[in-house]
Every structure is written in C-alpha cells, then in structure tokens.
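> Sequence plus predicted model, see below.
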Amino acid sequence: MRKPYVVASLFVFALVTAACGGGGEEPSATTPPPAASPTETATGGATTRVALEDFFFDPADFSVTAGTDLELDNEGEAPHTFTVQGQQIDVEVAAGENGSATIDLPAGDYEVICRFHQGQGMVATMTVTE
C-alpha cells in the first residue's frame with residue numbers, strides 16, 4: 001500500500017525541482033550588462049565610445065589619455081548628459097542620438113554623471129592619463 005504514496009511523493013518532488021531550477025530572473029532594463037573588462041583604454045588623439053543607457057554608463061569605469069575624443073552614444077529612451085562637474089564638460093545627448101566630448105584634462109580620476117539621472121545611480125569613473 002505504500003508504493004502509490006512513494007511514487008506520488010517522487011512525482012511531486014520532481015515537479016518542484018523542475019520548477020525551481022535554472023533560469024533565474026531576467027535582468028531589468030536598468031541593470032547594466034556585465035562588463036567585458038573592468039576598464040577600457042584609449043590612446044591620445046584616438047576616439048573611444050561610451051554608451052549612455054537607462055540608467056548607466058557603459059563602461060562604468062574607463063581610462064583615456066589626455067586629448068582623447070569620446071563618442072557618446074545614447075542608447076536609452078531618455079535624454080542623458082555626460083557631465084564632469086567643475087571641468088567645463090557637459091554634453092547633453094537626446095535619446096537615440098550621438099554626441100562627442102574631447103577630454104583635455106590633467107591626469108587623475110574624475111566622476112562622470114548624468115545630471116538628469118544621477119539620483120538613479122548614473123555615475124561613472126573616468127581616469128585620465130598622460
């Protein structure tokens with residue numbers, strides 16, 4: 001008489017295990033994709049790309065040499081800014097549009113923000129080297 005209960009218990013266990021395994025949650029639209037590397041580097045006079053998305057910079061940490069031209073691609077659905085406060089760099093880029101900024105700053109680390117979305121964590125660190 002125990003055999004039907006054992007079979008039923010194993011069946012329920014198999015269903016629960018299958019329902020709980022794998023997959024996980026899908027990342028939300030505001031979750032940045034995993035970075036290919038912690039930093040990206042560009043050489044002086046070269047151009048490097050920074051994506052402005054909803055609501056993060058990609059990459060979030062990057063290095064450039066002084067004189068680098070940044071290509072700013074707004075891949076989000078809202079306008080964003082690439083702002084280095086106190087350094088005369090403040091570029092507004094409409095949704096789906098591109099912009100650019102030349103980084104002519106002394107060597108050091110600089111916080112980059114989106115003025116519109118800093119409160120949502122849209123910040124990056126830019127390291128300028130000589």
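It's in. Quick caveat: nothing in here was measured; it's all calculated off a predicted structure. Numbers count the residues shown, from 1 in each chain.
> and Gly96, that one's in a helix?
No - in this structure, Gly96 is coil, not part of a helix, as judged by DSSP: H, G, I helix; E, B strand; the rest coil.
> where do the helices sit along the chain?
Taking DSSP state H, the helices of the chain run over residues 2-20.
> quick one: low-confidence parts of it?
The model of the chain has pLDDT under 70 over residues 1-46.
> Could you pull out the strands in it for me?
41-42, 47-53, 56-58, 61-65, 68-74, 80-84, 89-93, 98-103, 108-113, 123-129 (DSSP state E).
> And Phe57, how far from Glu130?
Per CB to CB, to the nearest Å, Phe57 is found 23 Å from Glu130. Where you see a C-beta, it was placed from the backbone N, CA and C, and this is true even at glycine.
> Give me the more crowded residue out of the two.
Applying other CB atoms under 10 Å to Phe57 and Glu130 shows that Phe57 carries more neighbours, namely 23 against 8.
> follow-up on the earlier one: so of the strands of the chain, which one's packed in deepest?
strand 80-84 (a mean of 23; mean count of other CB atoms under 10 Å).
> Need the residues that contact that one.
Strand 80-84 has contacts (CB atoms under 8 Å, 6 or more residues apart in numbering) with 50, 52, 57, 70, 72, 74, 89-93, 99, 101, 105, 110-117, 122, 126.
> cool, stretch 107-125 as well?
Residues outside stretch 107-125 that contact it (CB under 8 Å, 6+ apart): 30, 50, 52, 54-57, 59-62, 66, 78-85, 87, 90, 126-130.
> pretty sure Glu92 is in contact with Gly99, am I right?
Yes - using CB atoms under 8 Å, Glu92 is in contact with Gly99, at 7.4 Å.
> what touches both of the two?
Common neighbours of Glu92 and Gly99 (CB under 8 Å, 6+ apart) do not exist.
> got a list of what Val91 touches?
Contacts of Val91 (CB under 8 Å, 6+ apart): 72, 81-83, 99-101.
> Across the sheet, point out what pairs with Asp109.
Thr127 (DSSP bridges).
> Isn't Gly96 up against Pro79?
No - between Gly96 and Pro79 there is no contact under CB under 8 Å: 9.8 Å.
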